[in-house]
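A.B. asks: When you get a sec, could you give me coordinates for this:
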Amino acid sequence: MQQTEKQYNRIVNKLRKVGVFNIAKIEEGNNISRSQINKIIKGLVDKKILIPTKSRKTKQKGYKLNRSKKGLIFFLQHTEQATIIEIANAWDVSIASAKKYIKEFVDAGVVEKIGKPPKKISYTVKNQVNKYNYSPKQKEIIEKYYTLITAGGKLLKGVRGFEYKIKENFGEITQGEFERLTETYLKFRKKYGDETIKKQGFFEITGIFKNYFKKETYLEKLFYCDYDEVPIFGYSYLYQLIQVAKCGHINTEIMVDITERFQKALDLIIIDEKIDAVAFIPPTVMRKTQLLNFLKQRLVINKPIIETKKMENLFPIEQKHLKTIQEKEVNAKSSIEINSQEQYDNVLIIDDILNSGATLREVAKKIARNNIAKNIYGLVGAGTVNFQKNE
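C.D. replies: Residues are numbered from 1 along each chain as shown. Predicted coordinates for the structure are as follows:
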């Protein structure tokens with residue numbers, strides 16, 4: 001079964017990239033015999049998923065995707081999402097014709113559009129049947145929290161993304177194996193504050209943070225909007241969005257999405273902890289668009305902003321490039337300035353990603369030792385709960 005699925009993926013990949021294909025194209029770099037490939041393709045022809053044809057462009061003989069409901073569903077189930085260009089290639093028709101045909105499937109409720117004009121539109125199967133069975137609780141949490149951005153840049157939400165990741169990591173597995181993996185995911189979320197996320201959109205990680213440093217953290221409480229990753233199941237959606245935003249590309253839609261997630265947590269923390277001033281961790285490397293600067297401009301705070309900045313005339317070194325926690329603490333200590341003549345009761349420090357916690361701790365330390373605040377809190381977009389990996 002796993003070998004057959006692998007061949008289906010090869011076939012669909014050829015269809016979406018080059019359109020009409022022949023057996024020689026599937027045979028390239030393959031580890032099964034031509035007779036086995038022939039058998040798989042014949043099966044798809046018999047099911048009316050593929051049809052023998054002659055390419056309208058090259059006139060070569062081969063196979064293309066049948067322009068039928070069954071053919072389109074097969075194609076989309078093995079690509080998860082497809083652009084109109086990829087669908088046109090698979091059907092071996094012009095883009096104009098593909099738009100006309102796909103509209104019929106959209107109107108019939110077979111497929112749905114993903115994305116907004118004028119940006120790239122993709123199509124996916126509507127109400128796709130899940131491969132595995134879920135309990136109501138499992139489905140609720142996975143649909144609410146799990147989102148995957150694939151290596152190809154496709155956005156897969158809920159159980160669709162969850163099953164994609166399972167298949168990517170483990171191939172075809174039994175229902176029993178799937179249930180064990182699903183429970184592992186749920187247990188992780190529950191262990192680190194799932195109920196808090198569910199109710200408020202953020203959770204507290206103070207105990208784990210203080211236990212790691214084994215010394216003064218200078219923080220009363222530390223909050224995350226989400227984890228950076230869940231073991232086995234990859235990076236969280238928010239972490240993936242933040243990484244895209246930090247690449248230096250201007251993507252206002254993504255930055256607005258991140259801002260909205262911060263805002264929900266920020267509003268509650270300001271009230272609950274009686275925050276009367278806010279500080280932002282300064283960016284290390286200058287980029288055309290800085291996520292933290294964007295957050296500073298877009299978040300509705302209505303509180304004084306404490307000035308923090310990177311010292312000038314120093315070579316910028318990103319924390320992720322330093323190996324030990326000691327190096328990261330030294331870097332943060334020697335490169336960040338905090339200027340404030342005011343004194344506050346409760347200050348909140350905001351950062352986008354927390355890996356080791358060294359920078360956040362050092363900023364909190366400087367605020368505390370300069371008597372800028374009596375109590376200091378931290379809010380991070382996406383952070384680790386496995387600090388040991390950063391030692």
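A.B. asks: What score does Asn22 have for pLDDT?
C.D. replies: Residue-level confidence at Asn22 comes out at 89, pLDDT.
A.B. asks: Backbone dihedrals for it, please?
C.D. replies: phi -120, psi 170 (degrees, to the nearest 10).
A.B. asks: For the nearest residue to it once chain neighbours are set aside, which three-state class applies?
C.D. replies: Nearest residue to Asn22, sequence neighbours excluded (C-beta to C-beta, 6 or more residues apart in numbering): Gly62, at 4.1 Å. For every residue, glycine as well, the C-beta is placed using N, CA and C. Look at Gly62: counting by DSSP: H, G, I helix; E, B strand; the rest coil, its state is strand.
A.B. asks: And for Asp345?
C.D. replies: Per three-state DSSP, Asp345 ends up strand.
A.B. asks: State the number of residues packed around the nearest residue to it once chain neighbours are set aside.
C.D. replies: Leaving aside its sequence neighbours, Asp345 sits nearest to Lys374 (C-beta to C-beta, 6+ apart; 5.2 Å). The number of residues packed near Lys374 is 12, by other C-beta atoms under 10 Å.
A.B. asks: could you give the mean pLDDT of the helix or strand where Lys374 lies?
C.D. replies: In this structure, Lys374 sits in strand 373-383 according to DSSP states H and E. Taken as a whole, strand 373-383 has a mean pLDDT of 94.
A.B. asks: Please apply the same query to stretch 345-356.
C.D. replies: 93.
A.B. asks: Ok, stretch 303-319 next?
C.D. replies: 68.
A.B. asks: Pull up the gap between the residue nearest to Asp345 and Gln343, please.
C.D. replies: 8 Å (C-beta to C-beta, to the nearest Å).
A.B. asks: And for Lys303?
C.D. replies: From Lys303 to Gln343 the distance is 14 Å (C-beta to C-beta).
A.B. asks: One more: Val363?
C.D. replies: Taking C-beta to C-beta, one finds Val363 at 17 Å from Gln343.
A.B. asks: continuing past the helix or strand bottoming out on mean pLDDT in the chain, what's the next helix or strand?
C.D. replies: For the chain, using mean pLDDT, DSSP states H and E, the weakest element among its helices and strands is helix 325-335, scoring a mean of 51. Later in the chain than helix 325-335, the nearest helix or strand by DSSP H and E is strand 336-339.
A.B. asks: Please enumerate the strands of the stretch 51-200 of the chain.
C.D. replies: 61-65, 82-83, 111-114, 122-125, 147-149, 155-157 (DSSP state E, counting those that start in this stretch).
A.B. asks: Just put those strands in JSON lines and tack on distance to Phe233, mean neighbour count and mean pLDDT.
C.D. replies: Below are the strands of the stretch 51-200 of the chain laid out as JSON lines (distance: least, C-beta to C-beta, whole Å; neighbours: other C-beta atoms under 10 Å; pLDDT from 0 to 100):
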{"stretch": "strand 61-65", "distance to Phe233": "32", "mean neighbour count": "21", "mean pLDDT": "94"}
{"stretch": "strand 82-83", "distance to Phe233": "24", "mean neighbour count": "20", "mean pLDDT": "90"}
{"stretch": "strand 111-114", "distance to Phe233": "22", "mean neighbour count": "17", "mean pLDDT": "83"}
{"stretch": "strand 122-125", "distance to Phe233": "21", "mean neighbour count": "21", "mean pLDDT": "84"}
{"stretch": "strand 147-149", "distance to Phe233": "9", "mean neighbour count": "21", "mean pLDDT": "80"}
{"stretch": "strand 155-157", "distance to Phe233": "12", "mean neighbour count": "18", "mean pLDDT": "76"}
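A.B. asks: Go through those and name the closest to Gln290.
C.D. replies: Proximity to Gln290, assessed across those by C-beta to C-beta, is greatest for strand 147-149 (21.3 Å).
A.B. asks: elements contacting that closest one?
C.D. replies: Contact analysis of strand 147-149 by 3 or more C-beta pairs under 8 Å, 6 or more residues apart in numbering; DSSP states H and E lists strand 155-157, helix 158-170, helix 237-245 as its packing neighbours.
A.B. asks: That strand pairs with which strands, and in what direction?
C.D. replies: strand 155-157 (antiparallel) (DSSP bridges).
A.B. asks: Show me the one of the strands of the stretch 51-200 of the chain that comes nearest Tyr239.
C.D. replies: Using C-beta to C-beta, the strands of the stretch 51-200 of the chain put strand 147-149 closest to Tyr239, at 10.0 Å.
A.B. asks: After the helix or strand hosting Cys225, heading C-terminal, what element do we hit next?
C.D. replies: Using DSSP H and E, Cys225 maps to strand 221-227. Per DSSP H and E, strand 221-227 leads on to strand 229-230 as the next helix or strand towards the C-terminus.
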